[in-house]
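Student: I'll drop the sequence and a predicted model, then ask my questions.
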Amino acid sequence: MFKDKKIVFLGAGSMAEAMIAGMSASGIVKPAQITVSNNSNTERLKQLQRKYGIHGVPKEELCYENMDVVILAMKPKDAENALISLNHHLRPHQLVLSVLAGISTSFMEDLLPYGQQVVRVMPNTSSMIGESATAISPGKHTSQQNLSIAQRLLQCIGEVFIINESQMDIFTGIAGSGPAYFYYLMEHMEKAGQSGGLDQETTRQIIAQTILGAARMIQEQEESPEVLREKVTSPNGTTAAGLEALSKNGGGKAISRAVKQAAQRSKEISAQLETKKLKVI
Ligand SMILES: NC(=O)C1=CN([C@@H]2O[C@H](COP(=O)(O)OP(=O)(O)OC[C@H]3O[C@@H](n4cnc5c(N)ncnc54)[C@H](OP(=O)(O)O)[C@@H]3O)[C@@H](O)[C@H]2O)C=CC1
Ligand SMILES: O=C(O)[C@@H]1CCC=N1
């Protein structure tokens, strides 16, 4: 499916690198098929080229007619300019994927040539090791075949969920931003471990294995998080004491608020960009 297909990343930041690393390691896409470009940081392009054996090409030197899949990976604030400058170069057969938080398929379609096939994507940085939870939603002109191409390509970096675009904000709150919540949790567990007498490195490995084990239990046992939690919790035992402290300190509420707040921010980004775009078209 991807033999000879040329994939181009516009944006060379942490998300692009995570996807490039995952795709290159998958063996499904060869590094030589991948090109990365950015706004101005040529040193960064050289670094990615050396590290992954891909092509790092400055924006002004990109050869647009050779691209099969264009992946937008700049910050949302830079999307409008990027789409406007792509408009003159794209051809109908070229598929545009965007990993930008808050950028809707209609936002892209309005700034690209009429009928351009686009797919909105929300990956996370675990793409780096092929463990992303990625959502995709097609635009209104996107064929089933191109949606399948996007799905297959993104399976190189982890699990892919095809969702309704109206669910993209909440997906972003859970999975796009999600790794950061777990790292935050780990930072705090690590500090507690150290103050309890464990060294940092050992604590880190213990926490990672604990989170990995809990995640795999959810994937492999047909039981809900609630049931699994109850199985850990002995009456009047250590876990009950820990959970009580979590609950008393607003732990559950804080987690739920974090997800909702991130989803809300995704909605706000969309709304702000829509207002700005209306002045352009
Ligand atoms: N980080 C994450 O966990 C996730 C991020 N995302 C999305 O990915 C996108 C990128 O995030 P992240 O990698 O963290 O951002 P970074 O700030 O790390 O990278 C942004 C990149 O975009 C480049 N850029 C800016 N304007 C243009 C342009 N017109 N054409 C080509 N490249 C351009 C920058 O180039 P230069 O350095 O030269 O200015 C830079 O390489 C965001 O939209 C974010 O919403 C989605 C899911 C998860
Ligand atoms: O923080 C952000 O806006 C991006 C999108 C999801 C994760 N990182």
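Tutor: That came through fine. Ligands and ions are numbered 1, 2, ... in the order given.
Student: now the host helix or strand of Ala150: buried residues?
Tutor: According to DSSP states H and E, Ala150 maps onto helix 144-154. Within helix 144-154, the residues scored as buried using 16 or more other Cβ atoms under 10 Å are Asn146, Leu147, Ile149, Ala150, Gln151, Leu153, Leu154. Where C-beta positions appear, they are placed from N, C-alpha and C, glycine not excepted.
Student: three-state assignment of the residue lying closest to Val232 once chain neighbours are set aside?
Tutor: Using Cβ to Cβ, 6 or more residues apart in numbering and skipping the chain neighbours, the partner closest in space to Val232 is Thr239 (5.0 Å). At Thr239, secondary structure determined by DSSP: H, G, I helix; E, B strand; the rest coil is helix.
Student: okay but Thr239 is in contact with Glu230, surely?
Tutor: No. Applying Cβ atoms under 8 Å as the test, Thr239 and Glu230 come out as separate, 9.6 Å apart.
Student: would you map the helices across the protein?
Tutor: Ranges of helices within the chain are 14-26, 42-52, 79-87, 105-111, 144-154, 168-171, 178-195, 200-220, 225-232, 238-248, 251-278, based on DSSP state H.
Student: first-to-last residue distance for stretch 128-145?
Tutor: Stretch 128-145 has its terminal residues 26 Å apart, counting by Cα to Cα, to the nearest Å.
Student: quick one: is that stretch near ligand 2?
Tutor: No. Using Cβ under 6 Å from any ligand atom, stretch 128-145 stays clear of ligand 2, coming no nearer than 11.2 Å.
Student: about what we covered before: wait, which of the buried residues of helix 144-154 is closest to ligand 2?
Tutor: Leu154 (15.2 Å; Cβ to the nearest ligand atom).
Student: what does the pLDDT read for the closest one?
Tutor: Here, the pLDDT recorded for Leu154 equals 98.
Student: ok, Ser256 to Ala262 distance?
Tutor: According to Cβ to Cβ, to the nearest Å, Ser256 and Ala262 sit 11 Å apart.
Student: give me the more crowded residue out of the two.
Tutor: Between Ser256 and Ala262, Ala262 has the larger neighbour count (other Cβ atoms under 10 Å), namely 20 against 11.
Student: what parts of the stretch 151-281 of the chain come near ligand 2?
Tutor: Counting by Cβ under 6 Å from any ligand atom, the stretch 151-281 of the chain comes close to ligand 2 at Thr172, Gly176, Ser177.
Student: which residues of the chain lie near ligand 1?
Tutor: Neighbours of ligand 1 within the chain, by Cβ under 6 Å from any ligand atom: 10-16, 37-41, 44, 59, 73-76, 78, 81-82, 99-101, 122-125, 176.
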